[in-house]
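# got a sequence here, can you build the structure:
(one chain, ligands or ions: 1)
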Amino acid sequence: MEEPAATVGVLALQGDVREHEVAFGEVGVRTRRVLRPADLDGLDGLVLPGGESTTLSMLLESSGLFEPVEKAIVGGMPVFGTCAGLILLAGRVEDGRPDQRSFGVLDCTVRRNGYGPQRFSFEGRAAPATDELGTEPVPAVFIRAPVVVEVGPGAEVLATEDGDGSPVLVRQGHILAATFHPELTADRRLQQMFAAMARPAACHGR
Ligand code: GLN
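Sure, this is the predicted structure:
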């Protein structure tokens with residue numbers, strides 16, 4: 001029997017929404033823009049794109065999406081956060097604005113804009129730390145990227161930055177997060193990985 005295709009929501013309040021839609025389309029995943037709480041209904045997964053975590057935090061509150069998204073994630077909905085999206089998932093945020101909120105579901109500490117002005121934005125490589133990604137480095141575009149400075153026992157490191165060895169792809173159960181922008185390169189390994197996490201069959205009992 002053919003597996004039903006997943007429908008993944010892309011939080012569309014701010015950031016590079018279109019690029020995620022195109023990238024997931026390329027691996028056969030349907031997407032739906034999430035702008036209001038009702039847009040979450042029936043989704044198999046949710047992408048939190050890059051942008052600005054302070055702005056996203058504010059918009060999540062003003063749109064009434066913060067609590068519904070939090071509830072969905074805590075309830076087991078697969079979620080993929082990239083860059084600012086990772087900051088929104090992190091348990092601990094350094095150099096954040098005092099009023100910015102995160103869902104706090106990923107056991108790691110992240111430092112906003114952690115590469116500093118020297119390496120503000122750059123193209124690097126994410127070296128796989130798991131066979132699931134194969135052995136070839138994943139091309140990784142970092143844009144004012146956060147640095148994961150500590151990973152707690154609840155989360156696993158799936159890839160590290162080729163240069164400094166810091167974790168750049170982290171997973172905790174149904175939560176996947178990258179400090180870089182996998183939607184801006186042609187490599188689709190991370191979309192495939194998240195598509196497998198969000199497959200409708202994988203969601204039974206949710
Ligand atoms: N520096 C941004 C923040 O703190 C993240 C940048 C990005 O998502 N490309 O939210």
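# any low-confidence regions in the chain?
Filtered on pLDDT under 70, the chain yields the residue ranges 1-3, 201-206.
# which residue is nearest the middle of it?
G81 (1.3 Å; Cα atoms, centre = their mean).
# where do the helices of the chain begin and end?
Secondary structure of the chain (DSSP state H): helices at 17-26, 53-62, 66-74, 84-89, 189-197.
# let's have those helices in JSON lines, adding distance to the ligand and mean neighbour count.
C-betas here are computed from N, CA, C, even on glycine. What follows is those, written out as JSON lines (distance: least, Cβ to the nearest ligand atom, whole Å; neighbours: other Cβ atoms under 10 Å):
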{"stretch": "helix 17-26", "distance to the ligand": "11", "mean neighbour count": "19"}
{"stretch": "helix 53-62", "distance to the ligand": "3", "mean neighbour count": "19"}
{"stretch": "helix 66-74", "distance to the ligand": "16", "mean neighbour count": "17"}
{"stretch": "helix 84-89", "distance to the ligand": "3", "mean neighbour count": "28"}
{"stretch": "helix 189-197", "distance to the ligand": "15", "mean neighbour count": "20"}
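# Q172 reaches L106, doesn't it?
Yes - with contact defined as Cβ atoms under 8 Å, Q172 counts as touching L106 (5.4 Å).
# out of the helices of the chain, which comes closest to V157?
Closest approach to V157 among the helices of the chain (Cβ to Cβ): helix 84-89, 12.8 Å.
# packing partners for the closest one?
strand 45-48, helix 53-62, strand 79-82, strand 106-111, strand 175-178 (3 or more Cβ pairs under 8 Å, 6 or more residues apart in numbering; DSSP states H and E).
# please repeat the previous calculation with a cut-off of 10 Å.
Secondary-structure packing of helix 84-89 (3 or more Cβ pairs under 10 Å, 6 or more residues apart in numbering; DSSP states H and E): strand 45-48, helix 53-62, helix 66-74, strand 79-82, strand 106-111, strand 167-172, strand 175-178.
# quick one: contacts for G81?
11, 46-50, 53, 73, 87-90, 102-103, 105-106, 170, 175-179 (Cβ atoms under 10 Å, 6 or more residues apart in numbering).
# now with 6 Å, please.
Going by Cβ atoms under 6 Å, 6 or more residues apart in numbering, G81 touches 48, 88-89, 177.
# run me through the strand neighbours of the biggest strand by length in the chain, direction for each.
Ranked by residue count and defined by DSSP state E, the top strand of the chain is strand 121-128. Within its sheet, strand 121-128 is paired with strand 138-143 (antiparallel), strand 156-161 (antiparallel), according to DSSP bridges.
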